[in-house]
Structures are given as structure tokens and as C-alpha cells.
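> starting from these lines, generate the structure:
(chains A, B, C and D)
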2 protein chains.
Amino acid sequence: MAVTRSDVARAAGVSPAVVSYVLNNGPRPVATHTRERVLAAIDELGYRPNAIASALRGGSTQTVGLLTPNRSNPFYGALAEEIERTLTEQGYLTLTASTYGYRSSEERLLQTFIDRQTDGLIITSGVSLSGPALSGVEQSVLVLEERPESPLSTLSMDDEGDAARAVDHLQVHGHDLIGCIVGPPYVSTDGLRLSGWREQQRRTGRPASDGLVALADAGEEGGYQAAGLLLSEHGRPWAVYGRRPTALFVASDVQAFGALHACWELGLRVPDDVALVSMGGTRGARFTIPPLTTMRQDVEYLARSACTRLLEEIRTPGLPPAHVRLTGNLVVGHTCGCSPYGVIRR
Amino acid sequence: MAVTRSDVARAAGVSPAVVSYVLNNGPRPVATHTRERVLAAIDELGYRPNAIASALRGGSTQTVGLLTPNRSNPFYGALAEEIERTLTEQGYLTLTASTYGYRSSEERLLQTFIDRQTDGLIITSGVSLSGPALSGVEQSVLVLEERPESPLSTLSMDDEGDAARAVDHLQVHGHDLIGCIVGPPYVSTDGLRLSGWREQQRRTGRPASDGLVALADAGEEGGYQAAGLLLSEHGRPWAVYGRRPTALFVASDVQAFGALHACWELGLRVPDDVALVSMGGTRGARFTIPPLTTMRQDVEYLARSACTRLLEEIRTPGLPPAHVRLTGNLVVGHTCGCSPYGVIRR
DNA sequence: CTGAAAGCGCTAACAT
DNA sequence: ATGTTAGCGCTTTCAG
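As a prediction, the model looks like this:
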């Protein structure tokens, strides 16, 4: 059996309460000299407070639950890494789980987090915020998705606007027939990126029909197959336009990795035969061949803001919800057609 | 305040104990008809057992702690993803933390996990197993590192052997002067991969001096810089051999992404000017340009085995430690010099 | 088959 | 400044 607070108290010749006072620096003062005896006993016995008991009794579990669609996508990987790091620095531990896009998993996992009394919750993507689980939660919740009307605080990237600006960049290079590779649109992020593409094309009088859209699984493989579909002579969903798209807007870097590979296999030069702009700005995007032009969304900043805000809400219950939207910025690589080291000017 | 077991008991007109019996299917039987009343009350009130209290009282937290060097490397990403998924299926939640290679973080985080009474611990990489934290742990611990003598169970990849076989493959293609790009060797995995390269070179009478080794940070950037160092005309640590290495052994896929990029920038053709074999076999390796030849280590299998074993140890305390080592297999891509779709035969 | 009751280790109000 | 004590919500032994 582990050594408990009573053991320490006995060894130090004080009452258990005093041990608590020493450990928590309060709520009652302790004579310096008593404190030293207690600390000595703690050290001596190798005492460690039982976090479970402490959580049951008073208060907090010093734990935050993080719910993401998956762990392997670099965007969520980077997000989770930075969240975890920031929380660790603040003395919190992170409980993670992945939904893989299933509503049912979301609800179940969320409920599990709640049952475990995590002090806070960070949720990304498509959670049924109105679901039974979240109505009447006691802990602080931060949603990383655009929900301006939500009673929960939200923090999001401007996916639709960022996508539109990425597409605009291709248009500036003279492209009209711009294909779109995007994940399943029931994922809110992908849905927004898809409408960003569509609206930007429509607004500027360019084609925006479904024949130019390829829905793709997340991951390199998805982007690879979608690009194959949009660019090869077979299938030809774009046949109605009489020519192949001269550019692709790809909704995520990882899918763009696959798309680049498809171009390479098909013998299409990037950006000469096919220009390409993606979304994400993850670390690896600088190292593809050629390096990606990508709409960088600052995940680290997003993560840190999320943690800061969440911790505030944990410490100050009852804050009114905040809704913040971050904007991406284009990182010009070699896939869009800008001269290698130049930046385009309008 | 949340609804407690007593509330349910009162609503169902039974004692709190009976509610427990129903929820846990034991340890005492409950009349079918009483059970139904209880279940109805639970449903009615929306009762959820308090996991904290349950953990304090009896037993288990249904939580496993996972300690990795970081989260963003695809190897650890995939490992963690699969571990998390498997554990979730088994009703466990995963607490994750990253050490970023710091001994002090390791010890601190490990201790935190222990304080939180995680039922089990999965540890990767360089933990001071003899450290104060781990001596006398009560929970089950699985170490994903080769430690044949450890009193804790271990599960590892044969990093040294796999590396040697990867290098052998380059040798078979006729390469003698083979550079080595590897992470800081105080990370045990990297140390083993480095010796795999060195021993294989030495054993076959080929150069294995430090001039052929470039220590690199993990990540694409590290591989990029290291490759630049080993291949460019400047610096030339290989000058003593009078020519540039004709092949590179790269200790991780991600570093290989960077190395490929460096080759591309330097105008070196892969595999004609520089052949390249890496370690990992992560998902992205199939989509580089050209696709990587890589020693695939089956992370998913590793993860599932780890979970299976850990859960066994949790359920059956006192099992003697097991030590398992898994072997990788070479996935032939286009960077080694094998004909595009063929496989080399000796 | 069901109920009463003893803690798990801790915090904090209350008493000294 | 320190000690005593009542729970937090649950599991499980022991009595009925």
C-alpha cells in the first residue's frame, strides 16, 4: 500500500490536516518549523498525494479532455501537440480520444470525459453541441469550430474565407478551370473549404460545377486518387469543359502530398501543367517536390489561444462565451506558378 | 449538483448498494424485477456513475498513461493513434504526454501518471527505468524499447537489425560509400539505427567513419540540412574519400522527406545520383517523389500487441515480464535503385 | 435477495 | 497555530 497523508502526519508528529495545509499552502498557516518537519517526513517517506482522492473531495482533476477526429493528420497532430504541451506547462494532463468522424463516438467519448470530471473540454469538429451530453455540462468547454451563436466559446479558422483566398491566388495566375479536392463535406471544415472554392469561382464567373469537385478521404491516398480522377484522361468528370483543369485547390496539405504524387505519376509538371494550392501550412509542406503553396493556418497559435481561453474559463466560471476567428496567410511555394522566390503582386 | 447513486436508490425505493449491484452486475445478485426498477430510475434521472469516486474506492481508473517523445512524428503519431483506438475499444481512456527527449520531463510526467493511478503505463524511449519513479510502481508498465534484462515487459522493434538490413540493401545495389542521417544518438532508437549502419558497413569492409554520419534533428528540416551537409560541395565531411556518398541511409521517413527535398534542390537525381533507404514505412512514404524505399516497422501491430499485453498484465498481476522484438520488412520504392516495379534478388 | 455501514485519501470548516 | 471531524460518491463486506 502506498504511503498516505496520515502516515506522514504520524511520522511528523502532527495531524493530517497540517500536512494538507503544508502541501496546499493553506488555507491555514503553519509554523515554519512545523512545516519543515512535515516536509522532511514527506521526503523521508516518499509521500505523494493521491490525486484521485483529492479530486473526489474538493475539486479539480487537473485534467482536460481533447476530442479530435483522429491523431494522424498533421493538422490535428500539431494541434494536439501544442495543446498538450501548453496544458502540461500549466500543470494539467490531457485525456485524448478520437472520433474518426462518428457522431456516436463523439457522444460516447464526450460523456466519458464528463464522467471523469475533466476540468475542461476542447472539442474539434462536428460535435452535436446540442446533444444530450453537452446540455448542462458543468465543466468549461471550448469548441474549435465556427459557431457564432453557440453558448459555448468557439475558436476557429476562417476556413471559407481562407479557401476563397487560396482559390483567388490561382485565379490571379490566370486559371479558370480549377478543380477542387476536398474531404467529405459532412466534416464542417471540409464543407466550408468546399464552399470557399465554390463561392470564389462563382463570384468571379468561373466554373464551379460538381464535375470539378472530387471528394476524397483524408490522407495522402485520398488526394492521390482524387487527383487521378480529376486529371487523367479516364473518367473525365470535367469533360463538359472540353479540357482538363489547369489548377487544383486541395483542401488539406496531406491530400496535396498525394495529389502531387499523382501528377508526378501522370507525367504532369507542377505548376506548368497543373498548378496547385492547398490548405494547412503544416510543417511538411515546405519539403514536397516542389514545395507547396499553401494557406497556412497557425495551429500553434490556435492551440495556445484555446488553452489560454479554456484555463480562463476554468478559473473564472460564468464568463460570457467568446467567439474568435483566425485568418490564415498564404505561404507561397513553387506549386502555384509564382516565380520561385518571388511573391505575386496584383 | 449531479445526480448520485443515492438519488437513484431513493427514486427506485431500494438501497444504494442495490444500485451498485445492478451497475456492476455483482457481486450480489439482484431480482430481475428490482433491477428493472433501478434501471428505470437511472434512465429517468439521467444518472451517471462518478468515475472518480469509483476509482478512489475500489479500484481502477480505466486509464492508461502513454509517454512518447512527441506527438508530431508520424511514427509516434501512428503508434499513439492505434494504442488509443485499441484502448478505447476496451473501455480505457488514454492520458498522453510528451517528453521532448528530456529526462527530467520523463520523470515528472511518469510520476504524474502514477499519482493519477493510471491502471497501466506505456513508455517509449529512453526512460530511466531505474529512476526513482519506476522503482516500486504498482501499476503495469510496458516499455517499447529493447531491454532484455528489464523486470518490466518490453516490446520493441529490432532497430539495429532492421537498420543493418536496410543498409545491406543499398550495398546490394553496389554502394560502398553510404552516408548515414540519424537523430541524436542519445535517443535509444537512433543510437541503435546508427550502430546498425556502422556495423553493417564495418562487417562488409566498407567505410563507417564519423565523416559519413550527419546527426539531424527529427523532422523534415533535420533531414534536409543533414543531406545538404553530406551531399553538397561545401563542408564535405566525406572529403577524405575523394568522392561524395552515392547513397544515404536515413534513420526515419520524415528525415528522408527532407533529404529528398535537399537532393531535389541540389539537382541530384534519386536514385541515379544518390540512392536512399529510410526506416519507418509510415503512410506518407509511398507518396514522396519518388516513393521511398523504406524499412517498414509495423506500428499498428506493435501498438495492438502492446495493448493486448498491457491489458493482460493489468488483469493478471504478477505475470513474469515478457520481452518481444518485432522485425521490420523492406518496402521497395523507387529510391534504392530497384527497377520501378521489380524487387531485387540476391 | 436486500440493507446498513465501513472505509478509500483527501479538503476545509470548525473547534481548540 | 494545530487538531478534530464531516463528508465527497462509491464498492463491498457483513447482517438480516
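
> number of nearby residues for the closest residue to chain B within the stretch 101-250 of chain A?
Nearest residue of the stretch 101-250 of chain A to chain B (Cβ to the nearest Cβ) works out as A:Glu220 at 4.2 Å. Heads up, the C-betas are built off the backbone N, CA and C, glycines and all. When neighbours are counted by other Cβ atoms under 10 Å in any protein chain shown, A:Glu220 registers 25.

> correct me if wrong: it contacts B:Thr282.
No - using Cβ atoms under 8 Å, A:Glu220 is not in contact with B:Thr282; the gap is 10.2 Å.

> quick one: A:Pro245 is in a helix?
No - counting by DSSP: H, G, I helix; E, B strand; the rest coil, A:Pro245 is not part of a helix but coil.

> disregarding residues adjacent in the polypeptide, which is nearest to it?
The shortest distance from A:Pro245 to any non-neighbouring residue, by Cβ to Cβ, 6 or more residues apart in numbering or on different chains, is to A:Gly179 (3.8 Å).

> again with A:His334
What sits nearest to A:His334 in space, not counting adjacent residues and going by Cβ to Cβ, 6+ apart, is A:Pro290, at 3.6 Å.

> please apply the same query to A:Glu81.
B:Arg71 (3.9 Å).

> does A:Leu330 sit in a helix or strand, and which one?
Element membership for A:Leu330, per DSSP states H and E: strand A:329-331.

> residue of chain A nearest DNA strand C, please.
With Cβ to the nearest atom of the strand, the shortest gap between chain A and DNA strand C falls at A:Arg5, namely 2.8 Å.

> quick one: residues contacting that residue.
A:Arg5 is in contact with A:16, A:19-20, A:47, A:49, counting by Cβ atoms under 8 Å, 6 or more residues apart in numbering or on different chains.

> quick revisit: next secondary structure after the helix or strand the residue nearest to A:Pro245 falls within?
A:Gly179 is located in strand A:178-182, with elements delineated by DSSP H and E. Per DSSP H and E, strand A:178-182 leads on to helix A:188-203 as the next helix or strand towards the C-terminus.

> show residues contacting that following helix.
Counting by Cβ under 8 Å, 6+ apart, residues outside helix A:188-203 touching it are A:125-126, A:145-146, A:157, A:159-168, A:171, A:178, A:180, A:182-185, A:207-208, A:213, A:249, A:251, A:279.

> buried sites along that helix?
For helix A:188-203, burial by neighbour count (16 or more other Cβ atoms under 10 Å in any protein chain shown) applies to A:188-201.

> then stretch A:37-51?
A:37-38, A:41-42, A:45, A:47, A:49-51.

> does that stretch reach DNA strand C?
Yes - using Cβ under 7 Å from any atom of the strand, stretch A:37-51 reaches DNA strand C at A:49-50.

> is any residue of that stretch near chain B?
Yes - applying Cβ under 8 Å from any Cβ of the partner chain, one finds stretch A:37-51 touching chain B at A:46, A:48-51.

> so where's the stretch 51-200 of chain A shaky on pLDDT?
Scanning the stretch 51-200 of chain A with the threshold set as pLDDT under 70 gives A:125-135.

> what residues does it have near DNA strand C?
Checking the stretch 51-200 of chain A against DNA strand C by Cβ under 7 Å from any atom of the strand, the hits are A:53-54, A:56-59.

> among the residues you listed, which are in helices?
Taking DSSP state H as the definition of helices, those contribute A:53-54, A:56-57.

> if we can go back for a sec, buried only: go through the contacts of helix A:188-203 for me.
Counted by 16+ other Cβ under 10 Å, the contacts of helix A:188-203 give A:125-126, A:145-146, A:157, A:159-168, A:178, A:180, A:182-183, A:185, A:207-208, A:213, A:249, A:251, A:279 as buried.

> which SSE is A:Ser305 in?
helix A:299-315.

> what is that helix packed up against?
helix A:74-89, strand A:120-124, strand A:140-144, strand A:153-157, strand A:323-326 (3 or more Cβ pairs under 8 Å, 6 or more residues apart in numbering or on different chains; DSSP states H and E).

> reformat the ones you listed as a markdown table; add distance to DNA strand D.
Shown next, in a markdown table, are the helices and strands packed on helix A:299-315 (distance: least, Cβ to the nearest atom of the strand, whole Å):
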| stretch | distance to DNA strand D |
| --- | --- |
| helix A:74-89 | 25 |
| strand A:120-124 | 19 |
| strand A:140-144 | 19 |
| strand A:153-157 | 26 |
| strand A:323-326 | 33 |
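
> A:Thr316: which of those is closest?
Within the helices and strands packed on helix A:299-315, the stretch nearest A:Thr316 is strand A:140-144; the backing value is 9.4 Å (Cβ to Cβ).

> ok, of the contacts of A:Arg5, which one's closest to A:Ala31?
Nearest to A:Ala31 among those: A:Val19, at 13.6 Å, using Cβ to Cβ.

> quick check, the strand holding A:Leu330 touching chain B?
No - Strand A:329-331 lies apart from chain B when judged by Cβ under 8 Å from any Cβ; the minimum separation is 14.6 Å.

> again with stretch A:225-241
No - Stretch A:225-241 stays clear of chain B (Cβ under 8 Å from any Cβ), getting no nearer than 10.8 Å.

> and A:Ile123, how close does it get to A:Leu66?
To A:Leu66, A:Ile123 is 8 Å away according to Cβ to Cβ, to the nearest Å.

> those two: who's more crowded?
A:Leu66 (27 against 24).

> got a list of what that one touches?
By Cβ under 8 Å, 6+ apart, the contact list for A:Leu66 reads A:80, A:83-84, A:94-97, A:121-122.

> okay if I get these as a markdown table plus distance to B:Ser140 and neighbour count?
A markdown table is the format used below for the contacts of A:Leu66 (distance: Cβ to Cβ, whole Å; neighbours: other Cβ atoms under 10 Å in any protein chain shown):
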| residue | distance to B:Ser140 | neighbour count |
| --- | --- | --- |
| A:Ala80 | 25 | 28 |
| A:Ile83 | 28 | 29 |
| A:Glu84 | 23 | 23 |
| A:Thr94 | 21 | 24 |
| A:Leu95 | 19 | 22 |
| A:Thr96 | 20 | 27 |
| A:Ala97 | 21 | 22 |
| A:Leu121 | 28 | 24 |
| A:Ile122 | 29 | 28 |
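
> quick one: which of the residues you listed is nearest B:Trp264?
For those, the nearest to B:Trp264 is A:Ala80 (30.5 Å; Cβ to Cβ).

> I figured the closest one was touching A:Leu67, is that so?
No - the criterion here is Cβ under 8 Å, and A:Ala80 misses it with A:Leu67 at 10.2 Å.

> mutual contacts of these two, please.
A:Thr96.

> so how far is A:Glu145 from the one residue in the stretch 151-300 of chain A that gets nearest to DNA strand D?
When distances are taken as Cβ to the nearest atom of the strand, the stretch 151-300 of chain A reaches nearest to DNA strand D at A:Leu152, 23.7 Å away. Going from A:Leu152 to A:Glu145 by Cβ to Cβ gives 10 Å.

> and A:Val331, by the same measure?
24 Å.

> likewise A:Gly328?
16 Å.

> ok, now A:Ser195?
Here the criterion is Cβ to Cβ. By it, A:Ser195 lies 15 Å from A:Glu145.

> can you check A:Gln255 too?
20 Å.

> can I get the helices and strands packed on helix A:299-315 in CSV including distance to B:Thr32?
Conversion of the helices and strands packed on helix A:299-315 to CSV gives the following (distance: least, Cβ to Cβ, whole Å):
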stretch, distance to B:Thr32
helix A:74-89, 45
strand A:120-124, 38
strand A:140-144, 39
strand A:153-157, 47
strand A:323-326, 51
